[in-house]
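Peer 1: missing the sequence, but the structure's below:
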């Protein structure tokens, strides 16, 4: 039996016996304990800090003596005096085993730290970024055995870090000789290593370079481009910023941008240039905001819908504008950021685009799948990313189905008579008294309801300007609950509803929400046409979800996740009254916030998640709503509020909906009569 | 025993039995017979043409009946009527086995054709280029099973050609959708495949595309850039062209260019831009000359010395200007031509740079090693690439040594009083009568000797303008043989030599070659200073060779190869009288012409030769003359003509050299007194 001292690491619990004199870093490496090091054990980077514990450890069956580790040596003393060290900490590369010892590896010394996500139901992110720093000592050139500087650097990286066969670009190669000489043959290599890519040398810094290095998680939307700047060593988001997508000048929604490229020779190239330019501006801004140099940003992950995907890559989106909606490529892309025209990053920065799922279901949906992981869910989860095009995922551990459905821009307040973007002054919450039919509401910018004291003062600067997307959902649902709108979607007359707020407005009735004309403000109403727009949008969304349920062979789902910035503001109850989402216990309807952006951040911080989502996307069953006959049937049924045929029993336990109908036999337009494929 | 018909292929001799109905192309593939096909057996590319033989074949033990192959089918008939077919030829993919048959594969149907080199001693080049065409039929997009066009192309290339996992750039990806639709889901892929590189899709052409495709073998010299345009399917050189290296404006020789970059911030970048610009112009010219489009050029191989190598790559050559002469990299480089700023080729064209051997021994020397293959030589061969810097290789199958030696520009006629470049009017051949000491000579542009009838008329337009490099070698050797110059290198007085052509010229004597002053032409003389320059140049060359012989442990070599354009013009006898090359049978001294250029062509046409030379270069023993004490000793000895200590016994059998010395005791400059390291 070995009499070597026992070394026990916490929190991993890994243990082994090592000869007296073994550095703790060496012991950790041999046991596969996750202990960081940039300098490779030379006592200069301090990444391998550990905390020895002393005393009795009955749990581990050891007693740790005060002299279990070697005494402080000159390297540790120098490090501590120059740069400081938390009490009780040692440098793992310097402290040597003398007797049985228990060693705690603090989180900041772990390479594969856990990055905690705020939502209780979300999995933490295991840190495993694409870019690492490796300090090396390189042999000097020798005329007796001539070899290039690059070849000697290769030998050093192989011997000191086990890294072989990396690629290097000409610009990096051209800086190599100066860097090695400036650092007196000591240098820190910036190494990119991720599954599916060759190892790459992104940069060489003279001497010890400790970063920090950053990556960007970018959500390229048709309206806005949002980016999170993350510290690749801690996973922390250090800055977030967004800009309008400059492509908006070529068309508000996606279809109009596809049309622009069809109608204008070189139109796609113009839009590619515009989005790349916007991105460069955003990156420059975010670096400035975080107080870092652009060259510290070495990796970027992008998620976007298929049209944005193609335009960003410089591919004409023509084919995405017509059946069979063929993507140029659906696979994940590993690129040089330079090849994407991105210049406000490190010149060797890498770019990763998540895979697309299908012609209507883009890398943004893949990112939602990565964030919400329906493929790892025990219960059956429906994930809906609500946007102008809704991406819908349904699945559990067994299988995952995906489709998209063209909801149109109604949920963003567009094509609604008093609709507007979510901005101060917009009505975002609504309640209608079922007896008086009087509305009360809240506007963005004020915490008060419109019938509370001080409301007028609180909105004095913003005014009441319109109804935003989440407001219109609540409005229509409340009108339905109050008996102002019937199940088919008709607004009743004053006689039918018992309120003068309903008034004849052309051939149909409208409902007066707010009359601001006395103060020079708008008159805010909901027209029957508005109801129709919302009916079509919610029917598209519901029928996509229902189609996936058919394909899965179920009539109900266990839980629903609303993704997207907009999804976070939707009231589950109102969405269900509207019949926008399937019947489900309200407590089981949650919001995931910007799940696509979160997916991008996961892929940025954990390269293994990239392979994982690529494999998941390959296994996702893609459903194309356009060729499914039942989609149309579901759509017609779903035009009713909440639905012409589906029972919604769970909702019925919470809400009793009036059954009156207002159709007097006169011809009115029917909600299910039109079907559009809208994108954007 | 199988009763299937026997199919015998010539010239390979491969044979096998195949069921009746097997296409000949299929049989060839199963036997590993080298039979080309672009269209994959669809009867449209005609690359698989074969010639069946009929009758008795006692050697093969078969009798081939007239009906041994299937009758002509509609595909073959259509091909023949539209595009013609040589009598007796069939399409290998259409003709099917019916009985025992002997099939000849003509050279043009072979993928790995032999490209014959003119010199008897040179190995033929086995054609195995980096770029091939593959015709595919791609599945159309299907909304029921959505996948990207690229993914379906991948499936097609895998299923139809066994090609997996190729890379594709964004510009090619952006053209993919149009190409597939234009070709109605039939397309020809331009595939780059070479050892050490991932497989790459360089282009996609709609339908069947048959090329031809071309590659460039480029010899980037400090003075000129020469390129050969080669058909990648036949190996044929279809055009050759050269331009002056535009870097000349920054310095005539290499050291002055290194100095320019040291003295001028950004000077290296200026020179990089200049050489790339010159190369682009050359490529455009050569494409125009050959009547092809620039986009048909898909590969390029470059050879050059280390300073040119670094400047071409965009690396500051600073370190090459001083000990220890460290290269940024010595390994072979596989690049995108675009990354080298080369724009007058296919935008996805690839570039390959041969490895460098050491800081003074560049990719040009590696190319010479590839062309002359000392590592495959049974006898001991000395390969000397004569330039302003001489690269010297010595070896056989057992080992190969390499060094470089700074000969300076004397062999190019520079620093010689009447020296000039090899151009019309330059004296290139010389004989001096040992009795009368009268010279006769020939000048470039005339086939007559100067004492032959009609000589004056034949040079009327050019005149006699100076002495070129090969002329000065013959001149000095002839002066030595005629007793005008003694072994230490002194020109004798009129009294000592017995001719008035020797005259006092300052403190030493000069020899009058030609007095053109009566016709307003130059007076052409050889000064004692000229002799010194030649002594230093030839001593540098010889002592490099002798040092390698020391290291190899030999006192003689079996044969000598003179490489370089200049090497082709050197008279072996005169070079040996001069003591420029070691003693050797004159019949064993041959010229290899531009061996570096040939090496580039080999690497272009045969990608396996690239791995081969990389491995060879790794095994070559590099000798740095600057740190070898014996080099200096050899240099001093070699300053004498032919040599102060080496016996030159073989030469002595052919030539008896006068033994008189002209030193009267007065102080004169000594030939061995200066040592320079010159590059360029």
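Peer 2: Great, that's in hand. In this text, all values refer to a predicted model and were calculated from it rather than measured experimentally.
Peer 1: what does the stretch 351-500 of chain A put close to chain B?
Peer 2: Counting by CB under 8 Å from any CB of the partner chain, the stretch 351-500 of chain A comes close to chain B at A:356, A:357, A:358, A:359. To be clear about C-beta, it is placed using only N, CA and C from the backbone, and glycine gets the same treatment.
Peer 1: rebuild these as TSV, extending it with secondary structure, neighbour count and distance to residue A:146.
Peer 2: Below are those laid out as TSV (DSSP: H, G, I helix; E, B strand; the rest coil; neighbours: other CB atoms under 10 Å in any protein chain shown; distance: CB to CB, whole Å):
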residue	secondary structure	neighbour count	distance to residue A:146
A:356	coil	31	50
A:357	coil	30	53
A:358	strand	26	56
A:359	coil	26	56
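Peer 1: return the member of those residues nearest to residue A:429.
Peer 2: residue A:357 (34.0 Å; CB to CB).
Peer 1: wait, that closest one sits on residue A:365?
Peer 2: Yes. Assessed by CB atoms under 8 Å, residue A:357 is found in contact with residue A:365 at 5.3 Å.
Peer 1: ends of stretch A:302-315, what's the gap?
Peer 2: This stretch, stretch A:302-315, spans 16 Å end to end (CA to CA, to the nearest Å).
Peer 1: then stretch A:428-444?
Peer 2: 6 Å.
Peer 1: give me the number of residues near residue A:89?
Peer 2: 19 (other CB atoms under 10 Å in any protein chain shown).
Peer 1: same check, this time on residue A:565
Peer 2: 20.
Peer 1: mind checking pLDDT for residue A:266?
Peer 2: In this model, residue A:266 is scored at 92, pLDDT.
Peer 1: repeat that for residue A:463.
Peer 2: Residue A:463 is given a pLDDT of 92.
Peer 1: ok, back up a step: give me the common contacts of residue A:357 and residue A:365.
Peer 2: residue A:402 (CB atoms under 8 Å, 6 or more residues apart in numbering or on different chains).
Peer 1: any residue of the helix or strand hosting residue A:611 touching chain B?
Peer 2: Assessed by DSSP states H and E, residue A:611 sits inside helix A:607-619. No. Judged by CB under 8 Å from any CB, helix A:607-619 makes no contact with chain B; its nearest approach is 9.9 Å.
Peer 1: residues contacting that helix, please?
Peer 2: Around helix A:607-619, the neighbours that count as contacts under CB under 8 Å, 6+ apart are A:125-126, A:128-130, A:193-196, A:330-332, A:352, A:354-357, A:366-367, A:369-370, A:375, A:399-400, A:599, A:602-603.
Peer 1: one more time with 6 Å, if that's ok
Peer 2: Helix A:607-619 has contacts (CB atoms under 6 Å, 6 or more residues apart in numbering or on different chains) with A:128, A:130, A:194, A:195, A:332, A:355, A:357, A:366, A:370, A:375, A:602, A:603.
Peer 1: start and end of stretch A:244-255, how far apart?
Peer 2: Using CA to CA, the two ends of stretch A:244-255 sit 18 Å apart.
Peer 1: cool, and stretch A:314-329?
Peer 2: 12 Å.
Peer 1: same question, stretch A:590-600
Peer 2: End to end - CA to CA - stretch A:590-600 spans 20 Å.
Peer 1: what does chain A put close to chain B?
Peer 2: A:141, A:143, A:146-150, A:170, A:173-174, A:176-177, A:313-315, A:319, A:324, A:326-330, A:339, A:358-359, A:622, A:624, A:627 (CB under 6 Å from any CB of the partner chain).
Peer 1: most distant residue from the centre of chain A?
Peer 2: Computed with CA atoms, centre = their mean, the residue of chain A farthest from its C-alpha average is residue A:144, at 55.6 Å.
Peer 1: in stretch A:307-322, what counts as buried?
Peer 2: Neighbour counts using 16 or more other CB atoms under 10 Å in any protein chain shown place A:307-321 of stretch A:307-322 among the buried residues.
Peer 1: quick check, central residue of chain A?
Peer 2: Short answer for chain A (CA atoms, centre = their mean): residue A:597, at 1.8 Å.
Peer 1: that one contacts residue A:220, doesn't it?
Peer 2: No. Counting by CB atoms under 6 Å, residue A:597 does not reach residue A:220; the two are 10.2 Å apart.
Peer 1: give me the neighbour count for the spatially closest residue to residue A:221 that is not a sequence neighbour.
Peer 2: Leaving aside its sequence neighbours, residue A:221 sits nearest to residue A:245 (CB to CB, 6 or more residues apart in numbering or on different chains; 6.5 Å). The tally of other residues near residue A:245 (other CB under 10 Å) stands at 24.
Peer 1: need the pLDDT of residue A:245.
Peer 2: 92.
Peer 1: next one: the one 5 residues further on
Peer 2: Per-residue confidence at residue A:250 stands at 90 (pLDDT).
Peer 1: so how far is residue A:478 from the closest residue to it other than its chain neighbours?
Peer 2: Once flanking residues are discounted, residue A:250 sits nearest to residue A:260: 4.5 Å by CB to CB, 6+ apart. Distance check for residue A:260 against residue A:478: by CB to CB, to the nearest Å, it reads 39 Å.
Peer 1: higher neighbour count, these two?
Peer 2: residue A:478 (24 against 18).
Peer 1: which residues sit against stretch A:412-431?
Peer 2: Outside stretch A:412-431, the residues that reach it (CB under 6 Å, 6+ apart) are A:440-445, A:462-463, A:465-472, A:474-475, A:478, A:524, A:527, A:530, A:533.
Peer 1: just the ones in strands from the residues you listed, please.
Peer 2: Within those, residues falling in strands by DSSP state E are A:440, A:441, A:442, A:443, A:466, A:467, A:524.
Peer 1: isn't the third one up against residue A:451?
Peer 2: No. When contacts are counted by CB under 6 Å, residue A:442 is not listed as touching residue A:451 (10.3 Å).
Peer 1: so which of those two has more stuff around it?
Peer 2: Neighbours per residue (other CB under 10 Å) separate residue A:442 from residue A:451, with residue A:442 holding more: 22 against 12.
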